[in-house]
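1. sequence-free structure coming up:
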């Protein structure tokens, strides 16, 4: 059985493991204050073109989302999010567990528009009894979105401008950021994100690391407070070095760093799958350009592919077909892709 | 500089890293539902002599403490803890952040007595307006305590009996459990803990793992609910296999498993340090039998040792001396201990 | 200016004030343990035909909602509610502030159907990773709903049956319960609610009291825990007697008690308004049978009525008309209704 | 039986009830935006000598404490309080339920000293891993303290200066503020408090009102945010006018306003009780100058007084005596005091 059901089904890129083995007996301080984390911070600041950025490392995505939200918002503020946003759907109410309502906006394509954000903001402040409703305090975007779509630099810039002029934090969930940045047609960079967001993160777990998310703050002061929030939310890894070592390994270098290479390869594989499906006449639910592809398959097609592959049923497409999800990742082999493409053509 | 300041300053025992490398490309489901976690669960159940136990794996101690507390308690219940308990002192108010007050009881030696628990319980229920105060719902013990002391089986049994007959959960924080179980004079086993507690954990982070705590529930039902709590608190590791692999490696076998061997060795090293200090006439703050030793050193003695060693200043002992902490660990070398013993004798 | 904008714009029915004056200097214990509260509890139990019911008194609706939700749910559970439910819209995220997500279900007519509840429940438990989503723990119904509609006994019975067999609490927000119970066509009673729900409340604030909500629990054990929750949420009124005195005054007697008489009168007034609007050819947004009526008025009509009356703009009806809300209450005068009906006919 | 066990055992001063009756049918907006609340705000601003102050009205003390704490603090901040502080002892963990730890400082006399606050602050910031502990964000003082003692203007000024220069909010719980302000020897005024604190409240519940606490903010901006927090914590009274009417009635006028007169009278009564106890040779636990007196009585003395009076047992004094509490209030009659004094002399 070949697994295409998600992008966290293997361990880590071998270079990561080698780095962990190599550094294993070096003694360091705990909690992310070691030289490896410092190095990784510097590397990230260079990618972002800003030596003043705050950078902290956490273990996983839900933990990161909830820590950022709770650290920045006041108790009576909530987060504007697409209703399909990960924080609204698949985190067991973690943001609410810290007291913050998600102001969920219906989003047909998994992304938020400036207009939706504006309507949400205006709706609150034009309400004569606005203090009876949750005050919007943050905009949360996933990039890529949960369905693989990405924003354009223009869209991000407009949203960022609106947030800055209206007192809203802009927070980008980058659990799969690499796959977004390296996608065909992506016109923004880490430096753009660092400039446009208040806070975003570079996801490691799904792009080559054993685990880890690097949170980048535009404001160093935030970083100070954020360490309290990390500890309070149980996210302060004792051997913080493990995160520093991994991110240094992934991001060392420029556009040819391991992180980008792995993501690019997975995106290319995904585009091959998409091409195969399209050639075979299978409709695609969403024109995803990243490592997740969503063909609409009949039950018979699903059964046939399920003999050899694991994939995820995502939802209903029409009376005869379901949307299913195939993920490639940094670990996907050329052979697996070729075999699957072949089997798709013979559906 | 040789570091004795804590037991999480290196990576992991090489066998752990080898296991991670060996299994790296095997594809598995996420979130702790893989075959490695299943194996580790079975191993732990065997150590505990109970095939019905629930076992879940988390990344770190604070995360584990707060998840257990929040999963089990009702919103108006609190936790009885020694005032020196880790949850009360060094977790940035994480339990309170989930809504639960810590009912902190002054404890000169870092341990709770049955009498203190009883007084606390009676004090609440004899109060005619007890609903104006937090209802005790759980007893939290650290074992070893933050100062290295352990409980006896008799003490644990009496506390357990009281908790069972009075509707209190008994929860043991075992962040350093191995060092306790292998200490000279320790008269209880994992099986005893599994029998006496509602929930306890086997700490990996400080005893040979890269990271990880194995939570053991006496009740399988709890385990089901607990997975929601883990996810909500951001503790559901995507590649849960990393925890299963580590704990299987550490605990595979019987009394000679790696976990016990590493802990025993560190305890022996610690006892050598203690013997050296005592021989030199340095007073010990607490008669710790585990891997943390707390000699009372003059400023001059501290300065001398600080030339070669890193250790932690813990508090004031008397007008002339401070309590300091030296930790050994699974990674401490025989040479480092010998050198330090020698330097102690020449203080 | 005559106010029809809400049902809490005056003080209390004079009989309430007289009772407060009459009992003012009697010395009583605090926190709802006085003889007045005991009397009111007994009266409510008689109305409900069950001498075993738990009854507690709180000051306001949001406080009551949030206390019930937090007292009953586990930390990882949420509340199924119509998206228009008061807890989801107008409580500044109070339930989320206690950690509980509202599982909001789109509801065109402000009420939940059994099918919606079932879909929500099945959707959760059929999800293979259900622990990544909030577990439904309670169903919240407002009765009357925020738009004035009521449920039928058959609907409530079916929902209750489903909740009981599926481990969901059924909680009915009765902030305007009197207006529902006395509405033409209402076929259930307080005794029915006490039998069908786990917890519901009899709203006083909007039906003749200065303030106050009487929470009724089907289970006395719940009541014991609930007093902790009341205190923790800041809802334990020191002079709890004020609530007992008011509810005893409102509910003393049978079907002719003050509470029912006041509600019936307000409902009748509301039906006169509705009849006038309909006679005049004004479309009604919703066929409300309770004290809130929602005509769809053109801007010109609104302006004309706004010269003499205060009412609330509720939303958009069509290109030319807005839905507006007119409320009658226990305090509305016959004259005010007659004048308004006359002005409606002359729109 | 004559009740001296607390100061909230009767209704309200008759002038309050008359005002409620008088205004009962006036129609007003809800939620504290009516003309009565506006009037009360102006009156309070005049007492405080500052027309810029924010003023909001809440129903009870616990609700007020928790709303202020949660509105002002960041998620990782806690409150420095005497361990005997009401928020730490008798609020069922309400502050913790909003996520904020109480940094409880042992206080022999129920008051905090500048030195204790400074030690607590320095202890945090000098800790090299301070982000592992709760950051002090606020100082909470009760005035009078739970044992009836008051601060001096000098003490308050020094604490205020320290708070301002160290980024700590200063919050004074004034549940019994009137009894403090009118006590013999009190050398500060409402205007002083308004100048020295960030926020304090004027307690109505225990000083003549049916219920109500008037929260005063030095900063109008805080007041805006605070309304969200009030609603979120279930403290937004629908008929907010009830609070405005009461505080206007209590505080209208200058030093001769009803609030001060009632408090002064209760304090004088309390001093007569104290004088009687002292004359009779009964030791006083604490030299309280306010409406609560704490004599140390033998069991025999308690039994004798218990035949006619209700009072509260507070704690142990020595092997033979308990500390008991007698409260006078705005409602205590001259006759009751005279009778009790007589009975004390005959103990």
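-> Happy to help now that I have it. Computed from a prediction, not measured in an experiment: that's the story for all the values here.
2. Briefly note if the helix or strand hosting residue A:336 comes near chain B.
-> Per DSSP states H and E, residue A:336 falls inside helix A:334-345. No: Helix A:334-345 stays clear of chain B (CB under 8 Å from any CB of the partner chain), getting no nearer than 10.1 Å. (C-beta placed from N, C-alpha, C; glycine too.)
3. Is the closest residue in space to residue A:73 that isn't next to it in sequence part of a helix or strand, or is it coil?
-> Leaving aside its sequence neighbours, residue A:73 sits nearest to residue A:137 (CB to CB, 6 or more residues apart in numbering or on different chains; 4.6 Å). Reduced to three states with DSSP: H, G, I helix; E, B strand; the rest coil, the structure at residue A:137 is strand.
4. Tell me the pLDDT of the closest residue to residue A:250 other than its chain neighbours.
-> Leaving aside its sequence neighbours, residue A:250 sits nearest to residue A:259 (CB to CB, 6+ apart; 4.1 Å). On the pLDDT scale, residue A:259 is placed at 98.
5. Does residue A:259 lie in a helix or a strand, and which?
-> Residue A:259 belongs to helix A:258-279 when assigned by DSSP H and E.
6. got the angle for that helix vs helix A:334-345?
-> Angle of helix A:258-279 versus helix A:334-345, following axes from the mean of the first three to the mean of the last three CA atoms, to 10 degrees, is 20 degrees.
7. Okay, and the residue in the stretch 101-250 of chain A that chain D sits nearest to sits in which element?
-> In the stretch 101-250 of chain A, the residue that lies nearest chain D is residue A:228 (3.6 Å; CB to the nearest CB). Here residue A:228 sits within helix A:220-232, counting by DSSP H and E.
8. List the buried residues for that helix?
-> Residues of helix A:220-232 classed as buried: A:222-223, A:225-232 (neighbour count, 16 or more other CB atoms under 10 Å in any protein chain shown).
9. same check, this time on stretch A:302-309
-> For stretch A:302-309, burial by neighbour count (16+ other CB under 10 Å) applies to A:302, A:304-305, A:309.
10. anything in it near chain C?
-> No: Stretch A:302-309 does not reach chain C (CB under 8 Å from any CB); its nearest approach is 14.7 Å.
11. how about that stretch, does it get close to chain B?
-> No: using CB under 8 Å from any CB, stretch A:302-309 never reaches chain B; the gap is at least 11.2 Å.
12. what's the helix holding residue A:336 packed up against?
-> Applying 3 or more CB pairs under 8 Å, 6 or more residues apart in numbering or on different chains; DSSP states H and E, we find helix A:334-345 packed against strand A:2-3, helix A:258-279, helix A:299-306.
13. Get me the contact residues on the stretch 201-347 of chain A for chain D.
-> Counting by CB under 8 Å from any CB, the residues of the stretch 201-347 of chain A close to chain D are A:225, A:227-232, A:236.
14. Tell me who's in contact with residue A:345.
-> Counting by CB atoms under 8 Å, 6 or more residues apart in numbering or on different chains, residue A:345 touches A:276, A:279-280.
15. Do a quick rundown of the strands in chain A.
-> A:2-3, A:54-58, A:77-82, A:102-105, A:135-142, A:169-173, A:199-203, A:213-217, A:292-293, A:296-298, A:309-310, A:312-316, A:321-327 (DSSP state E).
16. which non-adjacent residue is nearest residue A:163?
-> Residue nearest to residue A:163 in three dimensions, not counting chain neighbours: residue A:170, with 4.2 Å by CB to CB, 6+ apart.
17. That neighbour: what's it in contact with?
-> A:138-139, A:141, A:159-160, A:163-164, A:196-199.
18. Look up which residues are beta-bridged to it.
-> residue A:139 (DSSP bridges).
19. if I look at it, how far off is residue B:272?
-> Distance, residue A:170 to residue B:272, by CB to CB, to the nearest Å: 56 Å.
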